[in-house]
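A.B. asks: what's the 3D shape of this:
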Amino acid sequence: MALLVFAGLEGGLRLAGFRYLRVTTDMEFNYPRPGFIKAFFEIDPELLYRIRPTVKQRYVDLTWQPHFDLKIRDARTFGAKPTGTVRIIALGDSSTYGVNTPRPWPRRLQEILERKDGTGHFQVINLGVPGYTAFQGRRVLQTRGRRFDPDVVVIAFGWNDHLLALGHSDADQKVGGATVVSLRNLLAHSRVYQGLSWLVAGLRSAAATRAEPAGEGARLVEPLRRVGATAYGEELETLVRLTRELGAEPLLCTYPIAFQVLADEGLDPPEWVALTHTGPGDSLGDLIRLHDRYNDVVRATGRKLGVLVVDLDARFATRDRHELFDAPGGDLIHPVDAGYDLMAASIYDALEVVSGR
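C.D. replies: Here you go, the predicted model:
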C-alpha cells in the first residue's frame, strides 16, 4: 500500500512538472534560478558539493580527475607533479572557473607563462567551482592539497561568502558520511524526495541572525551569511597556513565587481541583489559597502600574515569597468575577456614578485 501511495505521488508530481533541486540537505542558495546552478552539482561529504562527474557543457572542457576525486574545468588529466614543473593551483568560485568566456583567467595565466618562459615549466590548475566560498576552498586544500603538491596557491574568494544563508552557514552544514551522501544523491532524482526537501526548506527559511564585530566595543547584528566577515578572515588565515605547510607560496586576491557602474549612473540594482546579499529594503550602496568590507578583510589578512595581495579590485578601479564587465545591463559579477586578461596579467605580475625576478 505504501509503495502504491509513493508511486502515485511520484507520478503525479512528475506529470505536474514539479522539480526542486538541492545542493545539500540543510542549505538553500538564494539565487534567482536555484535549479540552474544546483543541477550542476552533487553532494560531497567533505566539500558540501562538487561538480557532477556526468556534467557536460558545450564549449567548456570539464575533466574528471581520478587522482583528486574532482571534476574541474580543464581538458587535461593531472596526476603526480612532473619533476621540474612549477604547479600553480587556483582556488576560487565562478570568476575563477570562468563564466562568460571559453578562456578563464587560469588558462590565460598559463598562456602568459608559456609565452614568457616556454612550455612545460608551469602547470596552472583551475580549481574554481561556481558558488564556492573560502570555507570550501579550505576544505579542498585540507583534503586534497598534498596530492596536488602545489608550489603556488592563488586564493580568490569573497562574493559567495557574503551571500545570505538560509538556515545554516557553510561551516554549520551537516552533510553526512559517504554512504549517506550516496543515498541522498540517489534519492535526489525522486520528485517525492524533492517535494519533502522543498517543505523542509520552507520551514527553515526564516531569517537567522548572527552577531558580527563592528568596531571596538560594538557589535552589529546582521543577517546570517554563508561565511560571515569574521569567519572569512579566519578561513583566509587557515588557507595561508595550510598553503605554507605544503611548502607553497600563497597569493591572496581581492574580488572585483561592477556594481559601481550602476551607482555612478544612478541606476537601481537588480532585484536579486537584495534577495541574495543584503536583505529586502537595502540599497545598492549597502551591497558595495558589504563587498568592500570583505575585500578589506583580504588586505588586512595579507598585512597580518605577510602575504602578497593581488588587489584586483584596485586594479579594476583604474579602468573603465564598462570595458571589463558586461555592464550595466548584463553581468555585474563575472568579467568579460578584457577583465579576465587583466586578472591573469595581475596575477602574473604577482608571481614575478614572489619569485624574485
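A.B. asks: Any idea how many residues pack against residue 259?
C.D. replies: Close neighbours of residue 259, defined as other CB atoms under 10 Å, add up to 22. Using the backbone N, CA and C atoms, a C-beta is placed for each residue, glycine as well.
A.B. asks: Surely it and residue 288 touch.
C.D. replies: Yes: with contact defined as CB atoms under 8 Å, residue 259 reaches residue 288; the gap is 5.6 Å.
A.B. asks: All the strands of the stretch 201-350 of the chain, residue numbers only.
C.D. replies: For the stretch 201-350 of the chain, the strands defined by DSSP state E, counting those that start in this stretch cover 209-213, 219-223, 249-253, 309-310.
A.B. asks: any weak-confidence spans in this structure?
C.D. replies: For the chain, applying pLDDT under 70 flags the ranges 2, 5-6, 20-38, 166-167, 175-182, 184-185, 197-198, 200-222, 279-282, 357.
A.B. asks: ok and the longest strand seen in the chain relative to strand 249-253, angle-wise?
C.D. replies: Ranked by residue count and defined by DSSP state E, the top strand of the chain is strand 86-92. Following axes from the mean of the first three to the mean of the last three CA atoms, to 10 degrees, one obtains 30 degrees for the angle between strand 86-92 and strand 249-253.
A.B. asks: Distance from the helix or strand following strand 86-92 to the middle of the chain?
C.D. replies: Next helix or strand after strand 86-92 toward the C-terminus (DSSP states H and E): helix 94-97. Helix 94-97 has its C-alpha centroid displaced from the chain centroid by 7 Å (CA atoms, centre = their mean, to the nearest Å).
A.B. asks: Return the set of buried residues in the next helix or strand after helix 94-97.
C.D. replies: Tracing the chain C-terminally past helix 94-97 and defining elements by DSSP H and E, one meets helix 105-117 next. By neighbour count on 16 or more other CB atoms under 10 Å, the buried set for helix 105-117 is 105, 106, 107, 108, 109, 110, 112, 113.
A.B. asks: List of residues touching helix 105-117?
C.D. replies: Identification of contacts with helix 105-117 by CB atoms under 8 Å, 6 or more residues apart in numbering yields 88, 90, 95-96, 98, 103, 121-126, 128, 340-341, 343-345, 347-348, 351.
A.B. asks: That one versus strand 249-253: what angle between them?
C.D. replies: Going by the same axes, to 10 degrees, helix 105-117 makes 130 degrees with strand 249-253.
A.B. asks: and the gap between residue 257 and residue 77?
C.D. replies: 33 Å (CB to CB, to the nearest Å).
A.B. asks: What residues sit buried inside the longest helix belonging to the chain?
C.D. replies: Secondary structure of the chain read by DSSP state H shows that its longest helix is helix 284-305. Neighbour counts over helix 284-305 (16+ other CB under 10 Å) mark 284, 286, 287, 288, 290, 291, 294, 295, 297, 298, 301, 302 as buried.
A.B. asks: can I get these in TSV with distance to residue 55?
C.D. replies: Output for the buried residues of helix 284-305, formatted as TSV (distance: CB to CB, whole Å):
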residue	distance to residue 55
284	34
286	35
287	30
288	33
290	31
291	29
294	29
295	31
297	32
298	30
301	33
302	34
